[in-house]
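Chemist: Got a predicted model here, sequence first, then my questions.
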There are 2 protein chains.
Amino acid sequence: MQRHMDQELSDLKDRLLQMGALVEEQIERAIAAMIERDAVLAGQVIERDRLVNRFDVEIDETCIRLLALQAPAAKDLRFVTTAMKISTELERMSDLAENICERVIELNEEPQLKPYIDLPRMAAWTMKMVRESLDAFVRQDAALARKVCADDDFVDNLTHQLFRELVSFMIENPATITRAIRLTFIGKYIERIADHATNIGELVIYMVEGKIVRHMTSPSPGPS
Amino acid sequence: MQRHMDQELSDLKDRLLQMGALVEEQIERAIAAMIERDAVLAGQVIERDRLVNRFDVEIDETCIRLLALQAPAAKDLRFVTTAMKISTELERMSDLAENICERVIELNEEPQLKPYIDLPRMAAWTMKMVRESLDAFVRQDAALARKVCADDDFVDNLTHQLFRELVSFMIENPATITRAIRLTFIGKYIERIADHATNIGELVIYMVEGKIVRHMTSPSPGPS
């Protein structure tokens, strides 16, 4: 029975990692589409979101089936409920990658506002957080998960910096307002992806240590 | 055993509804703080978010305990996993009420930009969605849950209208930009609260019908 259970849990982990790899790719491509002003790539990312959704439904059904048929206990139970929640976080990250691409397509209607410097930096940092949150999950590494949570502050700071810069653009030249607002939204989407990576970090700590650490860190600050 | 289980499930439902009532109140007060420009009330909402977080952790622990000790099956199992997820949705709504209040406090540093018309309408509609999503959960009413999901389009339309109006303010008078952006963010927070109500609606449909309907509806459109 336990051996069968171990196999099922190992399959579940594999599926979650496949989903994670797909979502990482979605975010990476969304950012590439922004930098390259590539509307075709943006359209592909939007289209591929349905693959992520399919993973989410499938993983959810697998978890429910495991809970119903195997009645896992202790650590295995925590693994299954955590997998369910990580799948939701990943799915929402992919929605945000899709939102980035929607704004990219709109931004392409006008000339580029300015060379993108802060946004790719924020994105690179965020992608590192996503990758490390999934690594922490695979390796059951609570220390790495804690690092991910701590890194979120850096993304929040970059978001603030970006907003201040975009506001100064808007004030200097009102013709930039629509574009600057779209870029502000992209910044906000990236910040939220980092928040989801932080959520995964917190879930991993819970899974490993059996201790709920969410709500211990402060909520992400706003656009001021 | 089943009678004991029924009692546990009934207690769980009560706690979730208490949490729901608290979150509804948080949203209502955040909007009141915005309309009345009441920084004290805004501060109270921010402070009270920790009560919501406490509910979230407690409900999560209750669900895990039920899964471990009672090994619920079929409908009861779906109820427990749904309760876990609804708790997460409610907790994120409360975070957004907190974000609204952070912007309200900042907005109070300058005179009011304009009489708020669209935002209270969006908020009223959204609060109705939150209330109905919880009613649908209590009454196990999939039809009401579907109505909640359908209502989300109306909030999305109001958000677009609001954004267009705020952009025209900014273009006409750059001195309004900072305030208009803060109001844009509040609009976005309200839109996201409505998205979370929609998520609850989809979870209720799943709980009642055993059918996953999320990802059947289109993602919420952006700020264009």
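Modeler: Thanks, I have the structure now.

Chemist: Now look at the strand or helix carrying A:Y206 and say if it contacts chain B.
Modeler: Here A:Y206 is covered by helix A:177-209, with elements defined by DSSP states H and E. Yes - Helix A:177-209 lies within reach of chain B by Cβ under 8 Å from any Cβ of the partner chain, at A:I177, A:T178, A:I181, A:R182, A:T184, A:F185, A:K188. Bear in mind the C-beta positions are built from the backbone N, C-alpha and C, glycine included.

Chemist: Show me where chain A has its helices.
Modeler: A:2-36, A:39-70, A:74-107, A:118-139, A:142-172, A:177-209 (DSSP state H).

Chemist: Only the buried residues of the fourth one, if you could.
Modeler: Of all the residues in helix A:118-139, those buried under the rule 16 or more other Cβ atoms under 10 Å in any protein chain shown are A:118-119, A:121-123, A:125-127, A:129-137.

Chemist: How about the last one?
Modeler: Buried residues in helix A:177-209, defined by neighbour count with 16+ other Cβ under 10 Å: A:177-208.

Chemist: likewise the longest one?
Modeler: Within helix A:2-36, the residues that qualify as buried are A:5, A:8-9, A:12, A:16, A:19-20, A:22-24, A:26-34, counting by 16+ other Cβ under 10 Å.

Chemist: go on, the second one?
Modeler: By neighbour count, and taking 16+ other Cβ under 10 Å as the criterion, the buried residues in helix A:39-70 are A:39, A:41-42, A:45-46, A:48-49, A:52-53, A:55-57, A:59-60, A:62-64, A:66-67, A:70.

Chemist: what does stretch A:141-159 contact?
Modeler: The contact list for stretch A:141-159 (Cβ atoms under 8 Å, 6 or more residues apart in numbering or on different chains) reads A:118, A:121-122, A:125-126, A:128-129, A:132-133, A:135-137, A:187-188, A:190-191, A:194-195, A:197-198, A:200-202, A:204-205, A:208-209, A:213, A:217, A:220-221, A:223.

Chemist: ok, now stretch A:183-195?
Modeler: A:27, A:34, A:93, A:96-97, A:99-100, A:103-104, A:107, A:113, A:118-119, A:122-123, A:125-126, A:129-130, A:151-152, A:155-156, A:159, A:162-163, A:166, A:220, A:223, B:181, B:185, B:188, B:222-223.

Chemist: Repeat that for stretch A:92-99.
Modeler: A:22-23, A:26-27, A:29-30, A:45-46, A:49, A:52-53, A:130, A:185, A:189-190, A:192-193, A:196-197, B:219, B:222.

Chemist: Can I get the helices of chain A in CSV including mean pLDDT and distance to B:F79?
Modeler: As requested, the helices of chain A are arranged in CSV below (pLDDT from 0 to 100; distance: least, Cβ to Cβ, whole Å):
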stretch, mean pLDDT, distance to B:F79
helix A:2-36, 94, 22
helix A:39-70, 96, 12
helix A:74-107, 96, 14
helix A:118-139, 95, 27
helix A:142-172, 94, 30
helix A:177-209, 95, 22
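
Chemist: could you dump those helices to TSV with distance to B:M84?
Modeler: Shown next, in TSV, are the helices of chain A (distance: least, Cβ to Cβ, whole Å):
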stretch	distance to B:M84
helix A:2-36	17
helix A:39-70	11
helix A:74-107	7
helix A:118-139	18
helix A:142-172	20
helix A:177-209	12
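
Chemist: looking at these, which is closest to B:E172?
Modeler: In terms of Cβ to Cβ, the element of the helices of chain A nearest to B:E172 is helix A:177-209, at 10.4 Å.

Chemist: quick one, that closest one and helix A:142-172 angle?
Modeler: 170 degrees (axes from the mean of the first three to the mean of the last three Cα atoms, to 10 degrees).

Chemist: and the angle for helix A:177-209 with helix B:74-107?
Modeler: 130 degrees.

Chemist: Tell me how far stretch A:130-139 lies from the chain's centre.
Modeler: On the basis of Cα atoms, centre = their mean, to the nearest Å, stretch A:130-139 sits 12 Å off its chain's mean C-alpha point.

Chemist: Contacts for it, please.
Modeler: A:13, A:16-17, A:20, A:23-24, A:27, A:82, A:86, A:93, A:141-142, A:144-145, A:147-148, A:151, A:193, A:196-198, A:200-201, A:203-204, A:207.

Chemist: before we move on, what about stretch A:74-82?
Modeler: A:5, A:9, A:12, A:63, A:66-67, A:70, A:72, A:137, A:203-204, A:206-207, A:210, B:63-64, B:67-68, B:81, B:84.

Chemist: what do you get for stretch A:201-221?
Modeler: Counting by Cβ under 8 Å, 6+ apart, residues outside stretch A:201-221 touching it are A:75, A:78-79, A:82, A:85-86, A:89, A:129, A:133, A:136-137, A:140-142, A:145-149, A:152, A:156, A:160, A:191, A:195, A:198-199, B:49-50, B:53, B:56-57, B:60-61, B:95, B:98-99, B:102.

Chemist: Just the CA trace of it, in CSV.
Modeler: Extracted in CSV, the C-alpha atoms of stretch A:201-221 (Å, rounded to 0.1, in the frame of the first residue of the first chain):
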residue,chain,number,x,y,z
GLY,A,201,7.7,29.3,-0.7
GLU,A,202,5.4,29.5,2.3
LEU,A,203,3.5,26.4,1.3
VAL,A,204,6.8,24.5,1.0
ILE,A,205,7.9,25.6,4.5
TYR,A,206,4.5,24.3,5.8
MET,A,207,4.9,21.0,3.9
VAL,A,208,8.4,20.4,5.3
GLU,A,209,8.0,21.7,8.8
GLY,A,210,4.3,21.3,9.4
LYS,A,211,4.2,25.0,10.4
ILE,A,212,2.0,27.6,8.7
VAL,A,213,4.2,30.6,8.1
ARG,A,214,2.0,32.6,5.8
HIS,A,215,0.8,35.9,7.2
MET,A,216,4.1,36.2,9.1
THR,A,217,5.5,38.4,6.4
SER,A,218,4.0,41.8,5.6
PRO,A,219,1.7,42.2,2.6
SER,A,220,3.2,43.6,-0.6
PRO,A,221,3.1,47.4,-0.6
